[in-house]
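> Show me the folded form of this:
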Amino acid sequence: MAVIKVIGIGGGGCNAVDRMVESGVKGIEFIAVNTDHQALDRSRATHSIQIGEKLTRGLGAGANPEIGARAAVESKEEIADVISGTDLLFITAGMGGGTGTGGAPIVAQIAQEMGVLTVGVVTRPFSFEGAQRRVNAEAGIRELEQYVDSLIVVPNDKLLEMADENTSVGESFLMADQVLKYGVSGISDLVAIPGLINLDLADVRRVMVGAGLCHMGIGRASGEDRGDIAIDDALHSPLLDTSIEGANRLIVNFTGGPDMKLKEVSKASALVRDAAAPDADIIIGAVIDDSMAEELMITVIASGFNGAGESVPQSPSLQSQGAEQTYTRPVDREPVEQQDVPEFLTRESQAQFDARRQVASPTATAPQVPVTRPRVDANVNREYTQQAQRPQMQPRRPEREPRVEQQRQNATTDYQPQYPERRQPAPESRHSGRDTQPVSPNRPWSNQGQSVRHSESISPGRSQVESPADQRQSKKSENKKTNKRGRSAGKILPWFFDDDDDNYDE
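Numbering: from 1, shown residues only. Below you'll find the predicted structure:
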């Protein structure tokens, strides 16, 4: 018998494990993994592992995925011991927090190294939980997808679309836990429930190994059109963003009472075959349950979208027959409540179902209009076609004309700067008969502030206003005359006296 284990990581994963234990799911071993010591004390799982005891000291990860990942790495040996000997491992967690978002990829990596078939079933957070939790959830989902064989993602916001106005916050999280529970039990029941002819682990591995993102839908109905309603709910699950369009590998399992008809199975299988890829590998199983009188439940698991995963060749006998494998497994068991699909999973108005059935029904398709393919001229110039496909660019700017040599010469020779004429101010007269001499900038001993008496009167032919040059020349001649008279009179001159100096004191 195959060994199936479910590991719930973090708060959301451990809550989902508790829901499965309470519902009485048989044939599965449950393991709770968390950093919070108090949460593990309340867990109903078979085994519990406290990860990151040295790192967190029994507290939570504080909504930090990095702490959750480091805690899982710290306890990787304990995780490997509990995974050892497992044939099918389910990893369930609520993404967006710390322990589940960071620890789930580490646990999946450990299982991958041990060669265990691993299926991840996780949820995206509600929008009201905040943008940061949603960012953490997307990063954790991308990381987890690298290490699991199959991944089923359930957005919690889908639950709000089916919830009533009076639904409380606690009830919404309870609905999310139930979705995780049905995601696990919908696959594990295919292997765990015994029967005369079983869909064993090899069939599940054939569909889910290396599959990546998967679609899993469950439909349950009763009454006259129970087969159509159940398969429509399974193919268009209101809780998932995925569908089976283009799937290459599928498992379709029918569970019903002794009154389950072959026509119902055949019609539902035809709808699955039309929606999947033309060469899809479809495995069909049927379970007889005496407790499900007048009821029919259909579980659809689809994988291998756009060539994802490993290609599984179909046997030659089935290729020649063009049929699917069909197994009928009569089971004698007592009714259990955990197999009942909650009302919010299958609730849908009759008008919505009729509208979708009319679109999905092969008989209701629109008539095909013949399309005439246009003729293509083989002599079209390829170069002209490539030029026509090139994007239109902006017109190029005209280049500036180069300057002529004569213009450059004129620009350099014609321009002559004009400077203002320097004029020396006339000496200011302090009192009659005395003029203040200008200060000499080159000699510190110049006669600044001293006066000189003119010994000669101004000649009649000379202008009253003289230029500075004329004034200096007249003073020089007058000084020479005075010096000659001083020497002849026997006067002693100062040591700094110079016959050629223009400025001196008498």
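> Map the structural domains onto the sequence of this protein.
Domain assignment of the chain by automatic domain parsing yields the ranges 1-192, 214-355.
> rank the ones you listed by mean pLDDT and give me the bottom one.
Mean pLDDT is lowest for domain 214-355 among the domains of the chain, at a mean of 71.
> about what we covered before: which one of the domains of the chain is the most hemmed in?
Greatest average neighbour count among the domains of the chain goes to domain 1-192 (a mean of 20), per mean count of other C-beta atoms under 10 Å. To be clear about C-beta, it is placed using only N, CA and C from the backbone, and glycine gets the same treatment.
> tell me the phi and psi of residue 48?
phi -140, psi 140 (degrees, to the nearest 10).
> hang on, it packs against residue 42?
No. When contacts are counted by C-beta atoms under 8 Å, residue 48 is not listed as touching residue 42 (9.9 Å).
> Pull the helix or strand hosting residue 154 out as CSV, backbone CA atoms only.
Using DSSP states H and E, residue 154 sits within strand 150-155. Output of strand 150-155 as CSV, limited to C-alpha atoms (Å, rounded to 0.1, in the frame of the first residue of the first chain):
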residue,chain,number,x,y,z
SER,A,150,2.6,19.6,-9.2
LEU,A,151,1.3,22.7,-7.8
ILE,A,152,-2.4,23.7,-7.1
VAL,A,153,-3.0,27.4,-6.2
VAL,A,154,-6.3,28.5,-4.8
PRO,A,155,-6.9,32.3,-4.6
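> Following the chain past it, name the next helix or strand.
Following strand 150-155 in sequence, per DSSP H and E, is helix 157-162.
> got a list of contacts for that next one?
Applying C-beta atoms under 8 Å, 6 or more residues apart in numbering, the external contacts of helix 157-162 come out as 124, 126-127, 172, 175-176, 179, 238-241, 344, 347.
> Let's have the residues you listed in CSV, adding distance to residue 26 and secondary structure.
Below are those laid out as CSV (distance: C-beta to C-beta, whole Å; DSSP: H, G, I helix; E, B strand; the rest coil):
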residue, distance to residue 26, secondary structure
124, 30, strand
126, 32, coil
127, 36, helix
172, 28, helix
175, 23, helix
176, 23, helix
179, 20, helix
238, 28, coil
239, 24, coil
240, 26, coil
241, 31, coil
344, 25, helix
347, 28, coil
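> Tell me the one among those residues nearest to residue 257.
For the contacts of helix 157-162, the closest approach to residue 257 (C-beta to C-beta) belongs to residue 347, at 22.2 Å.
> Just the element for residue 79, please.
Counting by DSSP H and E, residue 79 is part of helix 76-83.
> before we move on, the earlier item: list just the nearest of the contacts of helix 157-162 to residue 90.
residue 179 (13.6 Å).
> My guess is that closest one contacts residue 240. True?
No. Contact criterion C-beta under 8 Å: residue 179 and residue 240 do not qualify, at 9.5 Å.
> Mutual contacts of those two, please.
With C-beta under 8 Å, 6+ apart as the test, residue 179 and residue 240 both reach residue 154.
> Columns distance to residue 200 on top of the domains of the chain, output as TSV?
Formatted as TSV, the domains of the chain follow (distance: least, C-beta to C-beta, whole Å):
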stretch	distance to residue 200
domain 1-192	6
domain 214-355	10
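> Quick check: which of these is nearest to residue 472?
domain 1-192 (90.9 Å).
> quick one: the strands in the stretch 151-300 of the chain?
212-213, 215-222, 249-256, 281-289, 295-303 (DSSP state E, counting those that start in this stretch).
> how about those strands in TSV, adding distance to residue 156?
Shown next, in TSV, are the strands of the stretch 151-300 of the chain (distance: least, C-beta to C-beta, whole Å):
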stretch	distance to residue 156
strand 212-213	17
strand 215-222	16
strand 249-256	25
strand 281-289	30
strand 295-303	21
